[in-house]
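Undergrad: Let me see the structure of the following:
(one chain, ligands or ions: 2)
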Amino acid sequence: MSAPAQIALHVAAPAKPPVGAPCNGCGVCCALAPCPLSRSLLGHCTGTCPALTWQDRACRYACGLAVAPAKHLRWLPDSLEPLAQRLARRWIAAGSGCDCDAEVE
Ligand code: SF4
Ligand code: SF4
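TA: Residues are numbered from 1 along each chain as shown. Ligands and ions are numbered 1, 2, ... in the order given. Okay, the predicted model is just below:
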């Protein structure tokens, strides 16, 4: 059995909801491991995704590739940022239920 992973999240982050419940931006999944989009576009293979973005106003995490892709993809022309935002939201299935079965202590 592997040792439990340790992640650091904002103190005001919401608690992780059960699998299937609406995503509340707790950030646990993206702090544990990068998703396929992060792996392919950012080349990030382990640990917290560098695109995981804390949003003070909303008091939750968001995917930086969905909210500000040009910040993470320096090669992205400004004119393509709206399209990249839409594609990223689709690829990460933003707005769907939580699919992370990690147990948080
Ligand atoms: S998918 Fe689940 S673990 Fe990931 S941010 Fe949303 S609620 Fe949290
Ligand atoms: S690219 Fe977005 S959805 Fe994927 S791990 Fe990073 S922050 Fe999370």
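
Undergrad: Could you tell me the per-residue confidence at the closest residue to residue 24 other than its chain neighbours?
TA: Among residues not flanking residue 24 along the chain, residue 14 sits closest, at 4.7 Å (Cβ to Cβ, 6 or more residues apart in numbering). Quick note: C-beta positions are derived from backbone N, CA and C, even for glycine. Confidence at residue 14, expressed as pLDDT, is 97.

Undergrad: dump the residue contacts of residue 14.
TA: Contacts of residue 14 were listed using Cβ atoms under 8 Å, 6 or more residues apart in numbering, and they are 24-26, 59-60.

Undergrad: Buried ones among the residues you listed?
TA: 25-26, 60 (16 or more other Cβ atoms under 10 Å).

Undergrad: Of those, which is the nearest to ligand 2?
TA: Distance to ligand 2, by Cβ to the nearest ligand atom, is smallest for residue 25 among those, at 10.4 Å.

Undergrad: quick check, the closest one in a strand?
TA: No. With DSSP: H, G, I helix; E, B strand; the rest coil as the criterion, residue 25 is coil rather than part of a strand.

Undergrad: Please enumerate residues in contact with stretch 25-42?
TA: Counting by Cβ under 8 Å, 6+ apart, residues outside stretch 25-42 touching it are 5, 7-10, 13-17, 44-52, 54-55, 58, 60-63, 65, 72-73, 88, 91-92, 98-100, 102, 104.

Undergrad: all strands of this protein, in order?
TA: With DSSP state E as the criterion, the chain has strands at 52-55, 60-63.

Undergrad: Go through those and pick out the most buried.
TA: Of the strands of the chain, the one with the most neighbours on average (mean count of other Cβ atoms under 10 Å) is strand 60-63, at a mean of 21.

Undergrad: if you average pLDDT over it, what comes out?
TA: In the prediction, strand 60-63 has an average pLDDT of 96.

Undergrad: Alpha carbons of stretch 59-71, as CSV, please.
TA: Output of stretch 59-71 as CSV, limited to C-alpha atoms (Å, rounded to 0.1, in the frame of the first residue of the first chain):
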residue,chain,number,x,y,z
CYS,A,59,-13.6,31.4,-2.5
ARG,A,60,-12.8,28.3,-4.6
TYR,A,61,-10.3,26.9,-7.0
ALA,A,62,-10.6,27.1,-10.8
CYS,A,63,-8.7,25.6,-13.7
GLY,A,64,-6.3,28.2,-14.9
LEU,A,65,-6.4,26.8,-18.4
ALA,A,66,-10.2,27.5,-18.4
VAL,A,67,-10.1,31.0,-16.8
ALA,A,68,-6.8,32.4,-18.1
PRO,A,69,-5.2,30.1,-20.6
ALA,A,70,-2.8,32.7,-22.0
LYS,A,71,-1.2,33.0,-18.5
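
Undergrad: That'll do, ta.
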